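In: pasting the sequence and the predicted coordinates here, then a few questions.
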Amino acid sequence: MSYRDVVSRRVLTWALVAVGARMPVAMAPLALVFLVRERPGGYTLGAALAAAYVIGEIVGAPVLGMRLDPRRARPQLAAGLVAGALGFTGLGAFPGAPAPILAAFAFLAGAGPAAAPGGLRTLLTSLVPGHAAAQALSAESMLTFGVWAVSPAAVTGLALGVDPRLPLLLEAALMASSAGGLWFLPAGWAADEEDGQDGQDVSKLRVLARAWPVYVTGAASLSLLALAELVLPALLEQRGIGVGWAGPLLTVMSVASAVGAFVYGLRSWPGRLRTRSAVLMAGMSAAVTLVALIPAAPGMAVALAMAGLLQSGAMLTRNLSLREVLPPHALAAGYSVMYAAVGAGYAATGSLAGALLRLAAPSTAILAGVALTLLLASAGWWGEIRAGRSARGAGAAVPLDAATGPEGAAVRGGRDAERRL
């Protein structure tokens, strides 16, 4: 297995477009807090705006993802990115507007481009040979973790050193440039024969619903990230460690995640995807548990690095599992539903941890979050086993094998290599 098949001019163009689309997403929550923090009740308002933004993502991803036309996705993706740019522009241009208006802008900024991550991921895998899908998704994960590592520092520097409005206006410019960059990429990707038929939306919804175990496990994987990000400052205070160490520790976790994504793409791994996912989720949970129990910063850094290393692999197995269970016409919508599911998992775990912090120590809140994560992961694993048994009992064919032509053959060959069965 090698990354050579991923390196091309079209993939480089895709990476530039993806950075323009994803950097604003990574910058948005913190930028919203800085935008209004000088107003009365600014931090509370900032949290409310961030919540409106996330709700927009959760609502927009499945609704807009369902409507993507695989063969002509470019104008739909561009329209969503332009809508997001308008939302960020409104926030940056009118920071003193009433809270409901700012919340509406934040919702638009989150909902408009919410289908872009799923559409861009599907487009990426169409730009490489089928057998290189794992490497392409690994490269995407490395890019994503790099963006998330850089974004907090960029927001803080621009908001505090120049103007609180500047991060939002930069996000608008990046998202608009991403919309324009889509015209340097293919208009869409290959799909199966179901596209364009009457009742396609109903059929797609049924297909997506059958993949619910993958979404549940995906939500569980990001819920651990919510624990690390949201409870870590309080945990450091509990341990008598300076809260300023939260940034470097989370950077360690992001760097380890990028390394894990790179390592995952270097070779094929044994076992079924659901088995790998269960092992990686168990390892992540153990690492986050150690974070809650270790009293010193160096030990916490090691545990967070291990959690990040395993987290990237867990996320990649979920994306590969969607490729395994969904037909081509539903793949972009499936990625969008996954995007919404992991956002919901992040929000749910963060809310649970926040509520528990009022009643218990931060370490206890983390352990409760780990228990919730394991419950979700177990439910997803059980659902995948049942779905596999039902498919074998019914003699069902694997949907992706329905792809025709050379691309379909490449996908089948890539999946056989990926499974190593």
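Out: Okay, I see it. Residues are numbered from 1 along each chain as shown.

In: for residue 52, give me its contacts.
Out: 103, 104, 106, 107, 110 (CB atoms under 8 Å, 6 or more residues apart in numbering). All C-beta spots, glycine's among them, are computed from the backbone N, C-alpha and C.

In: tell me how many other residues crowd the fourth one.
Out: Read that as residue 107. By other CB atoms under 10 Å, 21 other residues sit near residue 107.

In: hang on, it packs against residue 57?
Out: No - using CB atoms under 8 Å, residue 107 is not in contact with residue 57, being 9.3 Å away.

In: circling back to that earlier point, would TSV of the contacts of residue 52 with distance to residue 311 and secondary structure be doable?
Out: Shown next, in TSV, are those (distance: CB to CB, whole Å; DSSP: H, G, I helix; E, B strand; the rest coil):
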residue	distance to residue 311	secondary structure
103	31	helix
104	34	helix
106	27	helix
107	28	helix
110	23	helix
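
In: and the residues you listed, which is closest to residue 347?
Out: The shortest approach to residue 347 among the contacts of residue 52 belongs to residue 110, at 12.0 Å (CB to CB).

In: so what's the closest one up against?
Out: By CB under 8 Å, 6+ apart, the neighbours of residue 110 are 28, 52, 53, 54, 55, 56, 57, 60, 84, 87.

In: could you redo the last one with a cut-off of 7 Å?
Out: Residues counted as contacts of residue 110 (CB atoms under 7 Å, 6 or more residues apart in numbering) are 53, 54, 56, 57, 60.

In: do the same with residue 69
Out: So residue 69 contacts 76, 188 (CB under 7 Å, 6+ apart).

In: now it: how far from residue 329?
Out: 9 Å (CB to CB, to the nearest Å).

In: for residue 296, grab phi and psi.
Out: phi -110, psi 150 (degrees, to the nearest 10).

In: let me know the closest of the contacts of residue 52 to residue 190.
Out: Nearest member of these to residue 190, counting by CB to CB, is residue 110, at 29.7 Å.

In: what about the closest residue to that closest one other than its chain neighbours, how many residues nearby?
Out: With CB to CB, 6 or more residues apart in numbering as the criterion, residue 110 has its nearest non-adjacent residue at 2.9 Å, and that residue is residue 56. Residue 56: 25 surrounding residues under other CB under 10 Å.

In: again with residue 101
Out: For residue 101, the count of nearby residues is 13 (other CB under 10 Å).

In: for it, report the pLDDT, please.
Out: Model confidence at residue 101, given as pLDDT, is 96.

In: so it is in which element?
Out: helix 99-111 (DSSP states H and E).

In: after that helix, which helix or strand is next? Please name it.
Out: Sequence-wise, the next helix or strand downstream of helix 99-111 (DSSP H and E) is helix 116-126.

In: tell me the angle the next helix or strand after that next one makes with helix 116-126.
Out: Under the assignment DSSP H and E, the closest C-terminal helix or strand after helix 116-126 is helix 133-161. Interaxial angle, helix 133-161 versus helix 116-126 (axes from the mean of the first three to the mean of the last three CA atoms, to 10 degrees): 140 degrees.

In: which elements pack onto the helix or strand harbouring residue 334?
Out: Assigned by DSSP H and E, residue 334 falls within helix 328-357. Applying 3 or more CB pairs under 7 Å, 6 or more residues apart in numbering; DSSP states H and E, one finds that helix 328-357 contacts helix 42-67, helix 116-126, helix 200-210, helix 212-239, helix 297-325, helix 362-394.

In: give the rounded mean pLDDT of the fifth one.
Out: What that stands for is helix 297-325. Helix 297-325 comes out at a mean pLDDT of 88.

In: list the buried residues of that helix.
Out: 300-325 (16 or more other CB atoms under 10 Å).

In: do the same with the longest one
Out: When neighbours are counted by 16+ other CB under 10 Å, the buried residues of helix 362-394 are found to be 362-370, 372-374, 376-378, 380-381, 383-384, 387.

In: how much space between residue 56 and residue 315?
Out: Noted for residue 56: a distance of 22 Å to residue 315, by CB to CB.

In: ok, residue 157 next?
Out: In terms of CB to CB, residue 157 sits 28 Å off from residue 315.

In: so which elements touch the helix or strand encompassing residue 292?
Out: Here residue 292 sits within helix 273-293, counting by DSSP H and E. On a contact count with 3+ CB pairs under 7 Å, 6+ apart, helix 273-293 meets helix 212-239, helix 297-325, helix 362-394.

In: nearest to residue 19, out of the ones you listed?
Out: Closest of those to residue 19 is helix 297-325, at 18.0 Å (criterion: CB to CB).

In: got the angle for that closest one vs helix 200-210?
Out: 130 degrees.

In: off-centre distance for helix 297-325?
Out: Computed by CA atoms, centre = their mean, to the nearest Å, the chain-centroid distance of helix 297-325 equals 12 Å.

In: how about stretch 74-84?
Out: That offset, for stretch 74-84, works out to 19 Å (CA atoms, centre = their mean).

In: what residues sit buried inside that stretch?
Out: 74, 76, 77, 78, 80, 81, 82, 83, 84.

In: go on, stretch 260-267?
Out: 260, 261, 262, 264, 265.

In: kindly indicate which of those residues lies nearest residue 282.
Out: For these, the residue nearest residue 282 by CB to CB is residue 260; the value is 15.4 Å.

In: how near is that closest one to residue 339?
Out: For residue 260, the distance to residue 339 - CB to CB - is 20 Å.

In: do the same with residue 296
Out: Taken as CB to CB, the span from residue 296 to residue 339 is 36 Å.
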